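K.L.:
compute the structure for the input listed below.
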Amino acid sequence: MYTKDGVDYFVVDGHIHFWDGSEENTANKYGEGFIRCFHDYQRNLSPAEWVWPLEKFRKYSEQDLMHDLFETGYVDVAIFQPTYLSEFYVNGFNTTERNGRLAAKHPDRLIVNGSFDPRAGEAGLAELERLAAEWRLRGIKLYTAEWRGDSKGWKLTDPGAQDYLAKCAELGIRNIHVHKGPTIWPLNRDAFDVADVDHAATAFPELNFIVEHSGLPRLEDFCWIATQEPNVYAGLSVVMPFVHSRPGYFARVLGELLYWLDEDRITFGSDYAIWSPRWLIEKFVDFQMPEELQSEYGVLTTDVKRKILGLNLARLYDLKVPETALSAAATPTAKMSAGQVPA
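P.N.:
The predicted structure follows:
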């Protein structure tokens, strides 16, 4: 838990990985390019003292993860989001099984999510059932730009994807995390387009669609969808590091999300190990809307920051929150003072 100025913040890091991008696990030039592109994000958006050498970044240890998240990173609970990339890595990049083995050692700290790929057909549906039973899944992570054979991606509107989402509803997997954000080489940028979230959210109102990376660079498209779909959430992984590198841009992105979605549908994610939660959390708690933007976006209150850092995901994942951090969520807080979300 993070405490600042006498205020406790229960922190749920909704987007972490335990990947293997080592040279031994890299299958081809695409896997090599992918991990180097990830590392470029860390180098370009982090404070200099938080940049890792590429060798460590490729494959960090269990000890690194536990230390960075829970010993020094203020995180109370973290959620693994898998990214298989089986075309690029011999044993997969960041799989449910690899994440799950670590989560099984620390069940009070780590939650493991699964994944699906509708191009796997009936066999994939059976595999989803197996994963749900083995890991008691509460959520999944979808990577719609992942390559599979000759296919360079898929959409939530595909008939097969609808079958898989229906299976998630049947299995009680209610939190659907979807990567809809910046591309990573060599994946197709258009395969991460946010438009298909609209159809899926309407078709499956019993599911929560957490749009990781908030649709960037398609923020406006995402906001117009999310304001009409009450089961669509904005995940702040990738958005968060701009609090350091481009605070004005961060203010505008966060202000737009708060205006269109309100503070109950925005969730924190560090995207570890691209970024470490400690500096993100410290800078976010200290952050305030610039004065020149407050007439449009209002000010950031402690209540809003508490919800974003953990209380919203705690609600989605049925996590118990200490009373010292729960008071801000006891009653609904007012929306940002600058305006109301359109009807």
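K.L.:
quick one, phi psi at Asn231?
P.N.:
phi -100, psi 20 (degrees, to the nearest 10).
K.L.:
repeat that for Lys320.
P.N.:
Note on Lys320: backbone dihedrals following degrees, to the nearest 10 are phi -80, psi 130.
K.L.:
what about it, neighbour count?
P.N.:
Residues near Lys320, counting by other Cβ atoms under 10 Å, number 8. Every C-beta, even on glycine, is put in place using the N, C-alpha and C of the backbone.
K.L.:
and for Ala126?
P.N.:
Using other Cβ under 10 Å: Ala126 sits among 12 other residues.
K.L.:
tell me which element it is part of?
P.N.:
helix 121-135 (DSSP states H and E).
K.L.:
pull the contacting residues for Val321.
P.N.:
By Cβ atoms under 8 Å, 6 or more residues apart in numbering, Val321 lies in contact with 10, 310-311, 314, 329.
K.L.:
can you give me the distance of it to Leu128?
P.N.:
30 Å (Cβ to Cβ, to the nearest Å).
K.L.:
for Asp64, report the pLDDT, please.
P.N.:
Listed pLDDT for Asp64 reads 97.
K.L.:
list the contacts for it?
P.N.:
56, 273.
K.L.:
that one sits in which helix or strand?
P.N.:
Assigned by DSSP H and E, Asp64 falls in helix 62-66.
K.L.:
now swap in Glu256 and tell me
P.N.:
helix 247-260.
K.L.:
surely Ser151 is in contact with Arg119?
P.N.:
Yes - taking contacts as Cβ atoms under 8 Å, Ser151 lies within contact range of Arg119: 6.0 Å.
K.L.:
what segments of this structure are strands?
P.N.:
For the chain, the strands defined by DSSP state E cover 2-4, 7-9, 12-16, 77-80, 110-112, 139-142, 175-179, 208-212, 232-235, 266-267.
K.L.:
packing partners of the fifth one?
P.N.:
To tie it back to what came earlier, the one meant is strand 110-112. strand 77-80, helix 96-105 (3 or more Cβ pairs under 8 Å, 6 or more residues apart in numbering; DSSP states H and E).
K.L.:
what is the mean pLDDT for the shortest one?
P.N.:
What that stands for is strand 77-80. On average, strand 77-80 scores 98.
K.L.:
Pro217 and Arg246: what is the separation?
P.N.:
For Pro217 relative to Arg246 (Cβ to Cβ), the value is 13 Å.
K.L.:
what sits in contact with each of the two?
P.N.:
By Cβ under 8 Å, 6+ apart, no residue touches both Pro217 and Arg246.
K.L.:
residue ranges with poor pLDDT in the stretch 201-343 of the chain?
P.N.:
327-343 (pLDDT under 70).
K.L.:
let's see 50
P.N.:
328-343 (pLDDT under 50).
K.L.:
now do the helices in it.
P.N.:
Applying DSSP state H, counting those that start in this stretch to the stretch 201-343 of the chain gives helices spanning 219-226, 242-245, 247-260, 277-286, 291-297, 302-306, 312-316, 323-326.
K.L.:
fine, thanks again, bye for now.
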